[in-house]
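> show me how the following folds:
(chains A and B)
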Amino acid sequence: MKVEFSAEQNALRKELRAYFEALMTPELKAECDESMGEGGGPLWREALKQMGRDGWIGVGWPKELGGRGMSPIEQFIFVEEVMRAGYPFPFLTTESVGPQLAEHGNEWQKREIVPKILAGECLIAIGYSEPGAGTDLASLKTSAVRDGDGWLINGQKMWTSLAHFCDYVWLACRTDPDAAKPHKGISMFLVPTNDPGWSCSPVVTLGGVRTNATYYDNIRVNDDALVGEENAGWKLITSQLNRERLSLVNFGPTAEMFNNVVRWAQQTDLPEGGKIIDQAWVQINLAKVRAGVEALKLVCYKQAWAMTEGQLDMADASAAKVYGSEFFIEVYRLLGEVIGQASLINRRTPGADPIASRIERLYRTASIITFGGGTNEIQRDIISAAGLWMPRASR
Amino acid sequence: MDFGLSEQQRDVQNLAREILGEQVTAEKLAKYDSYAAERFDRELWQQVAQAGLLGVAIEEQYGGMGFGFFEAALIAEEVGRNIAPLPFISHCISAAMPVQQFGSAEQKQSLLPGVVSGEQLLTAALMEANNEDPTQPRLCSAQAGGEAVLVSGEKLCVPFAEQADYLLLAATDGDGAVVVMLPRKAEGVVLEAMEVTTYEPQYRLTLSNVRVGAENILARGEQAQQLLASVAEHTAAALCAHQLGASDKAMRMTASYTAERQQFGVPIATFQAVGHRAANCFIDVECLRLNCYQAISRLDDGVDASVEVAIAKVWAGDVGHRVSYAAQHLHGGTGIDRDYPLWRYCTWLRHNEMMLGSSARNLAALGSKIAAGEAFCA
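Next up is the predicted model:
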């Protein structure tokens, strides 16, 4: 048992922190703020390609796939640092879909798509939810029907985040309407967003973040677009979600925000004399966040370690997702209280404090991941069944 | 980065798990309820000593295994899992380890072999009235008496004081502290039995001009402060491990019970309201486990662990409380029935939560460190 990074890993962390300090120019930061922390702008794209050219995106990937051959821990360090720097990193593409394609993809996908992902030149959105299929995902209706040597795709997806600037949608389609169990009739496709039958319309959310409804109107793809076996998509969906969950609860940005708020409270004067941080209640709020962040760090590092050892535990992954997503909401509340009314001031206000306005925004976006990435009720079902061997209700 | 246990650590853990799991039964524990008998299974203590577990962190030259604090804390976790009636933490962690680290060659030679064999029992008097900070004794003072010191004052809640041969005890000494290994039978030592929530033997210790010879003075001045800081951190971390074992067991008892218990024709575990409360316990226990293991591994490595121990204590207090009440609640009336073993876990979870500081106090201490710029995230 040892929680510390090795000397090499610490050096890598330091190198990455300096790298991102240089990469995150004021112009890029401003563009990222403008995109409400989701990226997609021209400077953002260029920075992603730069990371690809510098060999960072695949730092923990095997060399034969174009990576640097380090372990998932180094990959984790990279993601932690890029997120900590405030760069909206497209982890759904690089950390969840990418590894699935590398493992289960066909020749074309491995040859054409995977290298582009590692080069920062290919972005993929997730197409699972539909107007009538959310938590009960297996009831999805978007269909792919055999059409000669290809497939004809029709349907509608909801909450297809980032799709408006992605190259492909990782799309769950019904390929066998008569399957004995609904989840046994689903296949995965990579559908290009430049197809004339593809369209999307924006959905603006509480946090100001854009997501999308996406439409699939007689899109014809060939077998290259099918990922894995026909009707064997469910396993790909669940393992993609397992990986996604780990990326959702990254510890870097929260640690950075805690440190920033502590410094702010140490430096900021109270009108009656003394500093903000001198107040007992402020110290208690900060201590609650600090104790929680430590657990988040350990939960995340344990997952990274477990991936390196090849023994990622399902209950642990779900526990990490539930803990992290619910803790973030608590963090923004507790730190917002320390900041006070400034934590309600939007960044567009002239002179708005960057830390305070970040909390203003994050508090509004925090609820997304308690249900996104597999709602926490389902995660708790998984934990009680897989972690505690409790029987589940049939549904 | 390694979240696994070494082979050596697994061996120690398995050995403790095997012995305690076999020997500590609900029937045996029932004998000690309400102080009907002294809550100390001496037969089991000898068995644990023979297996070498009392000397797990003691050097081989004194008969120990020569491993470290991490292994000792893993045993504390198993003691907690079984709420074993043994003075493991007070003897091995709070007293024997500081003797090994700070004692003179003669002191080590005279005390440690008996510690390992189980022939000598040690304990530590760490609490005073309204003063739960073991590093700052206020209600015991020591006066110089030639080479010796004369100690007067009072300590509270001293575990196994009556049963012990020596008590580690700190007293103020003019401008600092002096730490002694007080022979229990020294003249002027009065012990008064206290009754506490767990039925652990605990005593109020009153000292009137007790003469402690130079041979039993463990540390003075700067060294005494170091010793006390080390005892406080190691004891707190071991209590966290005890809490981890007890929480984990209470949670798993609850999972098993709800999987068996039928209402409306189905196991109550199949209700989401039940499963989710158990899942919350799982997340809580995992957070406690990771923070506890981090703290004990840092202490074992001899690197600064003050922030990590403070955080582990916060988790231990909160998680113990939450798991205790979730376990009680999900068991319904069975949980409070004294013929079913869960209730004892609830008293121990409470005991650990309050020993050497509560979550509120620990949060405040962590908050002071943060304000002083000593607890930034790496």
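> residue B:302: neighbour count?
Neighbourhood size, residue B:302 [other CB atoms under 10 Å in any protein chain shown]: 10. All C-beta atoms are positioned from the backbone trio N, CA, C, and that covers glycine.
> again, but for residue A:184
13.
> wait, isn't it in contact with residue A:233?
No: if you go by CB atoms under 8 Å, residue A:184 and residue A:233 don't touch, sitting 9.4 Å apart.
> close to chain A, is stretch B:53-63?
No: if you take CB under 8 Å from any CB of the partner chain as the test, stretch B:53-63 misses chain A, and the best it gets is 15.4 Å.
> what residues does that stretch touch?
Stretch B:53-63 is contacted from outside by B:12, B:15-16, B:19, B:48-49, B:64-69, B:71-72, B:75, B:88, B:91-92, B:96-97, B:100, B:108-109, B:112-113, B:115-118, using CB atoms under 8 Å, 6 or more residues apart in numbering or on different chains.
> among those residues, which ones are buried?
B:12, B:15-16, B:19, B:48-49, B:64-65, B:67-69, B:71-72, B:75, B:88, B:91-92, B:96-97, B:100, B:108, B:112-113, B:115-118 (16 or more other CB atoms under 10 Å in any protein chain shown).
> among those, name the ones in helices.
B:12, B:15-16, B:19, B:48-49, B:69, B:71-72, B:75, B:88, B:97, B:100, B:108, B:112-113, B:115-117 (DSSP state H).
> from those, which are also near chain A?
Applying CB under 8 Å from any CB to these, none is adjacent to chain A.
> any idea which helix or strand carries residue A:155?
strand A:150-157 (DSSP states H and E).
> just checking: what are the partner strands of that strand?
Strand pairing for strand A:150-157, determined by DSSP bridges: strand A:143-147 (antiparallel), strand A:210-222 (antiparallel).
> what mean pLDDT does the longest one have?
In this model, strand A:210-222 carries a mean pLDDT of 97.
> next SSE downstream of it?
strand A:226-227.
> can you give the contact residues for that following strand?
With CB under 8 Å, 6+ apart as the test, strand A:226-227 has contacts from A:100-101, A:104-106, A:109, A:151, A:170, A:187-190, A:233, A:236.
> highest neighbour count among the residues you listed?
Counting neighbours by other CB under 10 Å, residue A:188 leads the contacts of strand A:226-227 with 30 neighbours.
> pLDDT score for that residue?
For residue A:188, the model assigns a pLDDT of 98.
> on that earlier part again, indicate which one of the strands paired with strand A:150-157 is closest to residue A:241.
strand A:210-222 (17.3 Å; CB to CB).
> what does residue 4 show for phi and psi?
Since you didn't name a chain, this refers to chain A. When read as degrees, to the nearest 10, the backbone of residue A:4 gives phi -70, psi 150.
> actually, chain B is the one I wanted.
Residue torsions, per degrees, to the nearest 10, at residue B:4 are phi -90, psi 170.
> and it, how far is that from residue A:383?
21 Å (CB to CB, to the nearest Å).
> more neighbours: those two, which one.
residue A:383 (29 against 13).
> tell me the secondary structure at the more buried one.
helix (DSSP: H, G, I helix; E, B strand; the rest coil).
> ok, the closest residue to it other than its chain neighbours - contacts?
Leaving out its chain neighbours, the residue that sits closest to residue A:383 by CB to CB, 6 or more residues apart in numbering or on different chains is residue B:279, at 3.9 Å. Taking CB under 8 Å, 6+ apart, we find residue B:279 in contact with A:319, A:322, A:379-381, A:383-384, A:387-388.
> the strands in chain A, which residues?
A:124-127, A:143-147, A:150-157, A:168-174, A:186-192, A:198-204, A:210-222, A:226-227 (DSSP state E).
> any idea which of those is most buried?
Stretch with highest mean neighbour count among the strands of chain A: strand A:124-127 (a mean of 28; mean count of other CB atoms under 10 Å in any protein chain shown).
> helix or strand for the residue nearest to residue A:295 when sequence neighbours are not counted, which one?
Distances taken as CB to CB, 6+ apart put residue B:287 closest to residue A:295, at 4.1 Å, once the chain neighbours are dropped. In this structure, residue B:287 is located in helix B:272-301 according to DSSP H and E.
> I figured residue B:149 hits residue B:173, correct?
Yes: between residue B:149 and residue B:173 there is a contact under CB under 8 Å: 7.3 Å.
> kindly report the residues of the stretch 1-150 of chain B close to chain A.
Residues of the stretch 1-150 of chain B lying near chain A (CB under 8 Å from any CB): B:1-6, B:9, B:70.
> I should have written the stretch 201-350 of chain B there, sorry.
Residues of the stretch 201-350 of chain B lying near chain A (CB under 8 Å from any CB): B:251-252, B:255, B:258-259, B:266-267, B:269-272, B:274-276, B:278-280, B:282-283, B:286-287, B:290-291, B:293-294, B:297-298, B:301, B:308, B:311, B:314-315.
> state the number of residues packed around the residue in chain B positioned nearest to chain A.
Per CB to the nearest CB, residue B:367 is where chain B lies closest to chain A, at 2.8 Å. Neighbours of residue B:367 under the rule other CB under 10 Å: 24.
> now do the SS call for it.
Residue B:367 ends up helix, using three-state DSSP.
> which residues touch the residue nearest to it when sequence neighbours are not counted?
Nearest residue to residue B:367, sequence neighbours excluded (CB to CB, 6+ apart): residue A:283, at 2.8 Å. Counting by CB under 8 Å, 6+ apart, residue A:283 touches A:277, B:364, B:367-368, B:370-371.
> among those, which pair sits farthest apart?
A:277 and B:364 (13.4 Å).
> neighbour-wise, which of the two wins?
Ranked by neighbour count (other CB under 10 Å), residue A:277 and residue B:364 place residue A:277 first, with 23 against 15.
> wait, that one sits on residue A:266?
Yes: counting by CB under 8 Å, residue A:277 touches residue A:266, with 5.0 Å between them.
> anything in contact with each of these two?
With CB under 8 Å, 6+ apart as the test, residue A:277 and residue A:266 both reach residue B:371.
> residue A:233 contacts residue A:190, doesn't it?
No: under the criterion of CB under 8 Å, residue A:233 makes no contact with residue A:190, lying 11.9 Å away.
> kindly report the domain assignment for the chain.
Went with chain A since none was named. A:7-89, A:126-229, A:249-387 (automatic domain parsing).
> try chain B instead
The record's domain parsing of chain B by automatic domain parsing lists B:7-121, B:124-220, B:224-371.
> could you look over these and pick the most buried one?
domain B:224-371 (a mean of 22).
> let's see the distance spanning that one from one end to the other.
27 Å (CA to CA, to the nearest Å).
> try stretch A:34-47
For stretch A:34-47, the end-to-end distance is 16 Å (CA to CA).
> closest residue of the stretch 251-395 of chain A to chain B?
residue A:283 (2.8 Å).
> what does the pLDDT read for that residue?
The model's pLDDT for residue A:283 equals 98.
> likewise residue A:2?
On the pLDDT scale, residue A:2 gets 88.
> now for the residue nearest to it when sequence neighbours are not counted: which residues touch it?
Counting by CB to CB, 6+ apart, residue A:2 lies nearest to residue B:2, which is 4.7 Å off, once chain neighbours are set aside. Contacts for residue B:2 (CB under 8 Å, 6+ apart) come out as A:1-2, A:305.
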